[in-house]
Structure formats: C-alpha cells, structure tokens
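**Student:** Sequence first, predicted model second:
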Number of protein chains: 2
Amino acid sequence: MVKGAGVGRPRASGAAANRPDARQAVLDAAGELFTGAGYAATTTRAIAERAGLRQASLYYHFPAKEDILAALLAGTVRPSLVLAARLVAGEAAVAVRLWALAYADIGLLGGARHNLGALYLLPEVGSPNLARFRAERAELKAAYGDLLEAAGVVPVAVRTDLVFGLVESIAVIRRDDPELDVEAHTREGADGVVRLAGLPEPTEELRAEAHALLATSTD
Amino acid sequence: MVKGAGVGRPRASGAAANRPDARQAVLDAAGELFTGAGYAATTTRAIAERAGLRQASLYYHFPAKEDILAALLAGTVRPSLVLAARLVAGEAAVAVRLWALAYADIGLLGGARHNLGALYLLPEVGSPNLARFRAERAELKAAYGDLLEAAGVVPVAVRTDLVFGLVESIAVIRRDDPELDVEAHTREGADGVVRLAGLPEPTEELRAEAHALLATSTD
C-alpha cells in the first residue's frame, strides 16, 4: 500500500469540506446507505459520518438529501445518454446500434458499485429536485424509441416501454442475486432487447460490430 | 345506492376491529399510502385514519407495519403462483403456457388498484417478516424457469432472470405512465416474454389457445 494522505484515515474525522474527494466520498457513502438501509431511513448525519466529513461540510456540497439522490441518479443515465445521442445519429445497422446501447446501459446499471437503479422506484424521484434526472431518463428512453422506430418496430411506443423496462430490470435481478454474473446478464440482456423488439436473432457478427462501435466511443 | 351500514360512513370513525371489511380497508389504505407517500413515510396511524379504524384495531389485524406490506405483496404473487402450478403441470404447447402465465401475471401486476410491484425494491422486503413473500416470489420465478427449460431455452438461468425482470417491469412502466393502456402492455408483454425466451414469434393462434387455457382456470 502507498503511504499518504487519506490512507488509513479514520472515518468521521471531520475532514475539510474542500477535501478534493469530499463530494465523491459523500456520493459513495450515500450510495451504500441508500441501497442498503434505504433512502428514507438514511440521515445526512449518517452519510457524513460514513464519508468522514462533518455534516456542515456535506451541506456545503449538497444542501439537501435529495440533491445527493439526484447526483447519484444522474450518474446512472448520463453516460448512456451521451452514447445514445451518438448512436441515434450513427450509420451502423440499427440492430447493431440498439444492441450497443443496451449493452452499455445494462453494463452501467449492472456493474456500478452500488445498485442505484433500485432507487428508481422511490417516491422521492417524483419531487421537483429530481426533475432533471426524470428528464434525462426520459431522453434516454426516447433514444431507444428512436432506434426502434428506425428499425420499423410496431407498435413502437409499447415496445419502447418494454425494452426500457427490460434494460432497467437489471436492478431487480442484481438485488435478488448480488453474486450475479454481470457480463453474462449484460450480453444476454442486449440480445434480449433485440429479440424483444422483434428484430432478427442477434448474430456473433452483430455483437462484434456493436463492440467495435462502443470501442470507438471512448476516444 | 343501497342504504346500510358503512355507506357514507365518514373515515376515521373508530369502527370496530371486527368490522367484516376492516382487514381489507387497512390493505386498501396501506396500498394507496405505500405506493404514494412511500413505505417509510407512512405511519400505521395514517393507515388506520385513512381506513376509518382506530390504531388499536389495525394492530388487531396486523401487529406490525411489515405485516401489512407482507399481506399486500402476497396478493401480487399468489394468484400467479396457483396458475403457474397448473400451467407447469399442463399439456398444452410450452410457448402457449408461457404466454398464458406472462399474460395473467403482467395483468395482475399492471391491473391491480395500487402499483404494489413498485414496492418490490424496498429494503424492507429483505426482512424476516417478508420471508414468505420472498419464497413465493422465488417459486413463481422458478415456474417460469421450468417452462423455459421445458422449451429447451439455453442458457435457462439467465433467460429466466430476464423474463421475470420483463414481467415485473410493468411496475416501473405503470409508475411512469399512470394512464397506461394496461391491456396493450399485457398482451405485448406476454408476446415479449415469448420473444425474449428466443421461442418462435407468437401467432394469433397461440394467443387464442393461451386465452382458452386461462378461461378454464377460473372454474
């Protein structure tokens, strides 16, 4: 282990709010507590304690508990939203683009350190503080709809609901089995999205093209 | 309107615990409050008030708030479980039986008065009081697995996870759009389960056979 600031630091040490990783420490602590004990049962005091910060320092970064929830949930949609914009505008076969989006999105939700997709059904998600998350999640869903429409899927609205439901269902699957083989579920989930849309059975070639497409996105 | 006991009765009237509909009144009130305000934010006092009962009367039927949650969640799996046992042992084509189970199950979750499937991700579902619900839900999932296995679906475990995830995703879809066309989503959802399993595209004939199978189950 590397010696240095922060290593072995006891929690709840009252570190300064401007500690470079303070914001991230709050998010990590909150992600663990919200998905474990539950959102309502978790106090900002408990989050600050777990993050090794004073409560005042937590408020410096997040004025309200819902702001922490909003930041955590933003992280579950934004990377997929950036990718979706590129894929919707892309020129590869539409089934390839759909597979790529589903693969990346399920991988993000399934592979994140905490199972934040399990928070999507919280009543607090309806509050004004979460409006931006709701809009971004709706935008991501609309991108799936655009791809399904481009593929000629009918009825497109209902199938988009189901496809998006399948993608997000990784949160329940993960909750039921924390030892999940995420990669197998991500690959099968992306195949499943293509099948569910009613498009031809995905081939190895399609998957390889989609992976190539995803590899170019990280440039 | 028929005149009689209970008609036009004001809420929170302190009706006796042995009022024949007291138990159901508690479940209705709790279903509304748990899915609206949230489970953690709802007190047994608020449930009793909404149900038109004294809190002591509520405790007579449900010693703890989790017992109300357990009773509500039991109602979301038991009817499907009874049907699943019959379908797994049945002799119709396996895709027909799978479609029938998915159709009835999505219809139950999607058509119930309150969106109780939205409570599946509550941390409280992990508590000892909810053990029976967890076991019954696992049994229902296993029935989907039995049908997929009988259909020769490979890999059966991952596909069962996805199929069950798609069925239950009706809760998120309903939350997103309370004005949902439930019948369209139920029919498309059952088609989707067959597609997702990787079985041949469902036909009108398959759907008709499945409906006939379901009609005989209500005898």
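**Tutor:** Sure, I can see it.
**Student:** give me every residue that touches the residue positioned nearest the centre of chain A.
**Tutor:** Central residue of chain A (Cα atoms, centre = their mean): A:Thr76, 2.1 Å from the mean position. Going by Cβ atoms under 8 Å, 6 or more residues apart in numbering or on different chains, A:Thr76 touches A:Leu108, A:Leu109, A:Ala112, A:Leu116, A:Gly117. Every residue, glycine included, has its C-beta placed from N, CA and C.
**Student:** can you rerun that using 10 Å?
**Tutor:** A:105, A:108-109, A:112, A:114-117, A:119-120, A:133, A:136-137, A:140, A:168, A:171 (Cβ atoms under 10 Å, 6 or more residues apart in numbering or on different chains).
**Student:** Relative to A:Ala40, which of those is nearest.
**Tutor:** A:Ala40 has its nearest neighbour among the contacts of A:Thr76 in A:Leu119, at 11.2 Å by Cβ to Cβ.
**Student:** What strand or helix carries the closest residue to that closest one other than its chain neighbours?
**Tutor:** Nearest non-adjacent residue to A:Leu119, counting by Cβ to Cβ, 6 or more residues apart in numbering or on different chains: A:Phe34, 6.0 Å away. Following DSSP states H and E, one finds A:Phe34 within helix A:22-36.
**Student:** And that helix, what's buried?
**Tutor:** Within helix A:22-36, the residues scored as buried using 16 or more other Cβ atoms under 10 Å in any protein chain shown are A:22-23, A:25-35.
**Student:** same question, stretch A:79-92
**Tutor:** By neighbour count on 16+ other Cβ under 10 Å, the buried set for stretch A:79-92 is A:Ser80, A:Leu83, A:Ala84, A:Leu87, A:Val88, A:Gly90, A:Ala92.
**Student:** So is it next to chain B?
**Tutor:** No. Using Cβ under 10 Å from any Cβ of the partner chain, we find that stretch A:79-92 stays clear of chain B, coming within 16.1 Å at best.
**Student:** Need the contact partners of that stretch.
**Tutor:** Stretch A:79-92 is contacted from outside by A:74, A:77, A:94, A:96-109, A:136-137, A:139-147, A:150, A:167, A:206, A:209-210, A:212-214, A:216-218, using Cβ under 10 Å, 6+ apart.
**Student:** What subset of those residues is buried?
**Tutor:** Neighbour-count burial (16+ other Cβ under 10 Å) applied to the contacts of stretch A:79-92 gives A:74, A:77, A:94, A:96-109, A:136-137, A:140-141, A:143-147, A:167, A:206, A:209-210, A:213-214.
**Student:** Can you narrow those down to the ones near chain B?
**Tutor:** Within the buried ones among the contacts of stretch A:79-92, those near chain B by Cβ under 10 Å from any Cβ are A:Ile106, A:Arg137, A:Lys141, A:Val167.
**Student:** so what's the third one up against?
**Tutor:** When the contact criterion is Cβ under 10 Å, 6+ apart, the partners of A:Lys141 are A:Val77, A:Ala84, A:Thr160, A:Asp161, A:Val163, A:Phe164, A:Gly165, A:Val167, A:Glu168, B:Asp176.
**Student:** So of those, which two are at opposite extremes in space?
**Tutor:** The two members of the contacts of A:Lys141 with the most space between them (Cβ to Cβ) are A:Ala84 and B:Asp176, at 17.6 Å.
**Student:** State the distance from A:Thr174 to B:Val153.
**Tutor:** If you look again at residue A:174, you'll see it is Arg, not Thr. 21 Å (Cβ to Cβ, to the nearest Å).
**Student:** And A:Leu206, by the same measure?
**Tutor:** For A:Leu206, the distance to B:Val153 (Cβ to Cβ) stands at 20 Å.
**Student:** Secondary structure element for the residue nearest to the centre of chain A, which one?
**Tutor:** Using DSSP H and E, A:Thr76 falls within helix A:65-88.
**Student:** That helix - what's its average pLDDT?
**Tutor:** When pLDDT is averaged over helix A:65-88, the result is 97.
**Student:** Show me where chain A has its strands.
**Tutor:** With DSSP state E as the definition, chain A shows no strands.
**Student:** care to break it down by domain?
**Tutor:** Under the assignment automatic domain parsing, the domains of chain A span A:22-63, A:67-217.
**Student:** where do the helices sit along chain A?
**Tutor:** Assigned by DSSP state H, chain A shows helices spanning A:22-36, A:44-51, A:55-61, A:65-88, A:94-111, A:131-150, A:156-168, A:170-176, A:182-197, A:204-217.
**Student:** could you give the angle of the last one to helix A:182-197?
**Tutor:** Translated: helix A:204-217. Counting by axes from the mean of the first three to the mean of the last three Cα atoms, to 10 degrees, helix A:204-217 lies at 110 degrees to helix A:182-197.
**Student:** Tell me which residues touch the residue nearest to A:Asp161 when sequence neighbours are not counted, please.
**Tutor:** Nearest non-adjacent residue to A:Asp161, counting by Cβ to Cβ, 6+ apart: B:Ile173, 4.8 Å away. By Cβ under 10 Å, 6+ apart, the contact set of B:Ile173 is A:158, A:161-162, A:164-165, A:168, B:106, B:109-110, B:115, B:117, B:180, B:182, B:185, B:189.
**Student:** Tell me the one among these nearest to B:Ala51.
**Tutor:** B:Asn115 (19.0 Å).
**Student:** can you count the residues close to that closest one?
**Tutor:** 22 (other Cβ atoms under 10 Å in any protein chain shown).
**Student:** next one: phi and psi at A:Tyr39?
**Tutor:** The phi/psi pair for A:Tyr39 (degrees, to the nearest 10) reads phi -70, psi -50.
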